[in-house]
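Colleague: curious how this folds, go ahead:
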Amino acid sequence: MDTQTRRALKKQDKFIQAAHTSADWLEENRTRAIQAGIVLVVALAILIAGIVIYRQRSAAARLAFGQAMDIYTSPLAQAGQPPQPGETTFATSVARAKVANQQFTAIAKRYGMLETGKNARYFAGITSMEMGQNGPAEADLKAVASSHNAGVAALAKLALASLYEKTGRSSQAIDLYKQLISKPTLTVPATAAQLQLAALYEAVNPAEAHRIYLQLKSDKGAAGEIAAQKLGQN
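Modeller: Numbering: from 1, shown residues only. Modelled structure (predicted):
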């Protein structure tokens, strides 16, 4: 037998031995392998089911939110003008806010963990304010103000500051306006918060209001125009 043949036979023997070893390992660990496979399949099934459920809930939340917004943006009835066929109208803004508030509150409770639910809670607070229900409004707006969504949180802080101002808590309103100025967002630019702060100061600190309007006068947007008008009135 030549050298090459012996080498080939040795390699074949090693291959056969390795194959037997693998087969023995699989035989000894068959139960573990089956259990691991089952766990993997179950985990994958749970993951897929979770994604499906999340998408279904998100779609349902968006649909409900859209319906609530349709109510909230419905026109008010005009004297002597009958509503258009199929059009929903309300006699007063308070009546409209009451119906919309019920829907926003229901969405916030059912889908509170979703972004749509947080948006609904913001509007629940806004509509409560319109109805004169300051306690529920404050609770909802405070909850949204601590949201991780900076844009919605800023809107809630702006509304909350307005509520504080209306209920005689000017110092708290000032603190919120200053927070919004120091950390502007796309939903509440610094200039918007500055205008609100200046308007508050007009009654309690006219000199500070004047200073803010002077700062804003150079703004190229709407804030500059409003500031110029305010300075012209004084």
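
Colleague: when you work out contacts or count neighbours from here on, use the C-alpha atoms and nothing else.
Modeller: Fine.

Colleague: let me know the pLDDT of the residue positioned nearest the centre of the chain.
Modeller: Centroid-nearest residue in the chain, with Cα atoms, centre = their mean: E115, separated by 3.9 Å. Confidence at E115, expressed as pLDDT, is 91.

Colleague: contacts only, for it.
Modeller: By Cα atoms under 8 Å, 6 or more residues apart in numbering, no residues touch E115.

Colleague: any chance you could map the helices in the chain?
Modeller: With helices called from DSSP state H, the chain shows them at 3-28, 30-72, 93-110, 115-130, 134-145, 150-166, 170-182, 190-204, 206-216, 222-233.

Colleague: reformat these as TSV; add distance to P82.
Modeller: Output for the helices of the chain, formatted as TSV (distance: least, Cα to Cα, whole Å):
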stretch	distance to P82
helix 3-28	81
helix 30-72	18
helix 93-110	17
helix 115-130	25
helix 134-145	33
helix 150-166	34
helix 170-182	42
helix 190-204	38
helix 206-216	44
helix 222-233	36
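
Colleague: winner for burial among those helices?
Modeller: Among the helices of the chain, judged by mean count of other Cα atoms under 10 Å, the one packed with the most neighbours on average is helix 115-130 (a mean of 25).

Colleague: that one vs helix 93-110, what angle?
Modeller: In terms of direction (axes from the mean of the first three to the mean of the last three Cα atoms, to 10 degrees), helix 115-130 departs from helix 93-110 by 150 degrees.

Colleague: isn't M129 right up against A137?
Modeller: Yes - when contacts are counted by Cα atoms under 8 Å, M129 is listed as touching A137 (5.6 Å).

Colleague: any idea which of the helices of the chain scores lowest on pLDDT?
Modeller: Per-stretch mean pLDDT for those is lowest at helix 3-28 (a mean of 50).

Colleague: separation between G112 and I174?
Modeller: Remark: distance between G112 and I174 (Cα to Cα, to the nearest Å) = 29 Å.

Colleague: same question, K230
Modeller: From K230 over to I174 (counting by Cα to Cα), the distance is 19 Å.

Colleague: again, but for M131
Modeller: In terms of Cα to Cα, M131 sits 24 Å off from I174.

Colleague: same question, E115
Modeller: 28 Å.

Colleague: R62 contacts T116, doesn't it?
Modeller: Yes - assessed by Cα under 8 Å, R62 is found in contact with T116 at 6.4 Å.
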